[in-house]
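Engineer: Turn this into a model:
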Amino acid sequence: MTEGESVDGTGGAGTPGAEDGAGGPGRPASGRRRRIVELAIVAAVAYALDLITKVIVVERLEGHDPIEVIGTWLRFQAVRNPGAAFGIGEALTVVFTVIAAAVIVVIVRISRRLYSAPWALALGLLLGGALGNLTDRIFRAPGVFQGHVVDFIAPAHFAVFNLADSAIVCGGVLIVFLSFRGLDPDGTVHRD
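Structural biologist: Just a heads-up that it's a prediction; the model follows:
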């Protein structure tokens, strides 16, 4: 493939009309809509799984002894985390709330030129995870925009995390991989 060529061979970001919402020549708008639907489905599944597991953890595990899943290697243990991943920045809860909201806005903006299925998956995971933790920050104690995130997956010798964190990390790793491969969200491949 040449620089600017899309994975499907239809041109790419340099194709006239590719940004006009109609898809441009050879780039039907239905392709972009399909990728946005894929992104939304992945985000909804990641968000729902995170929300459901946190509800179960709060109802059945908070205030109780941890559950050993794989001996001492993996436990489920309810933890309220005011900071970012791995408990970093506990005094910056409001800042992390703003960052999560900004990530969501950026994903929505990128989705306007989304023609790549792998990017739809990556951004969907990132969006679902960001929404999961943002929901905690808005609606959980101690208050609006200062809520503590519910974490519960506790591997031995590692930080406690949740499914939203897992989705964010998986989405981020996939984005790095796609970037190294030269695949852009609009489906074009560039070689540096």
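Engineer: all helices for the chain, in order.
Structural biologist: 29-60, 93-110, 117-139, 163-181 (DSSP state H).
Engineer: Report the central residue of this protein.
Structural biologist: Geometric centre of the chain, nearest residue: L126, 1.1 Å, by Cα atoms, centre = their mean.
Engineer: T53 contacts L163, doesn't it?
Structural biologist: Yes: with contact defined as Cβ atoms under 8 Å, T53 and L163 form a contacting pair (5.5 Å). From N, CA and C alone the C-beta is placed, and that goes for glycine too.
Engineer: out of the two, which sits in the more crowded spot?
Structural biologist: Remark: of T53 and L163, L163 carries more neighbours, 22 against 18, as counted by other Cβ atoms under 10 Å.
Engineer: And that one, how close does it get to Y47?
Structural biologist: 9 Å (Cβ to Cβ, to the nearest Å).
Engineer: just to revisit the earlier point, out of the helices of the chain, indicate the one that is most buried.
Structural biologist: For these, average neighbour numbers computed from mean count of other Cβ atoms under 10 Å are highest in helix 117-139, which has a mean of 23.
Engineer: could you give the angle of that helix to helix 93-110?
Structural biologist: 150 degrees (axes from the mean of the first three to the mean of the last three Cα atoms, to 10 degrees).
Engineer: Just want the angle from helix 117-139 to helix 29-60.
Structural biologist: Going by the same axes, to 10 degrees, helix 117-139 makes 40 degrees with helix 29-60.
Engineer: The nearest residue to V57 once chain neighbours are set aside - how many residues pack around it?
Structural biologist: The shortest distance from V57 to any non-neighbouring residue, by Cβ to Cβ, 6 or more residues apart in numbering, is to F152 (4.5 Å). Neighbours of F152 under the rule other Cβ under 10 Å: 22.
Engineer: Can you list the low-confidence ranges for this structure?
Structural biologist: Within the chain, the segments meeting pLDDT under 70 span 1-27, 84-91, 192.
Engineer: Repeat the analysis, applying 90 as the threshold.
Structural biologist: 1-31, 72, 81-101, 142-147, 159, 190-192 (pLDDT under 90).
Engineer: of the helices of the chain, which approaches F145 most closely?
Structural biologist: Distance to F145, taken as Cβ to Cβ, is lowest for helix 93-110 among those, at 4.8 Å.
Engineer: So what touches the closest one?
Structural biologist: If you take Cβ atoms under 8 Å, 6 or more residues apart in numbering as the criterion, helix 93-110 is touched by 39, 82-84, 89, 119, 123, 126-127, 130-131, 133-134, 137-138, 145-148, 185.
Engineer: From A120, how far out is the nearest residue to L121 once chain neighbours are set aside?
Structural biologist: Of all residues not flanking L121 in the chain, V42 sits nearest, at 5.7 Å (Cβ to Cβ, 6+ apart). Applying Cβ to Cβ, the value for V42 to A120 is 7 Å.
Engineer: Quick one: neighbours of the closest residue to E68 other than its chain neighbours, just the number.
Structural biologist: Spatial nearest neighbour of E68, excluding adjacent residues (Cβ to Cβ, 6+ apart): R75 at 5.3 Å. Residues near R75, counting by other Cβ under 10 Å, number 18.
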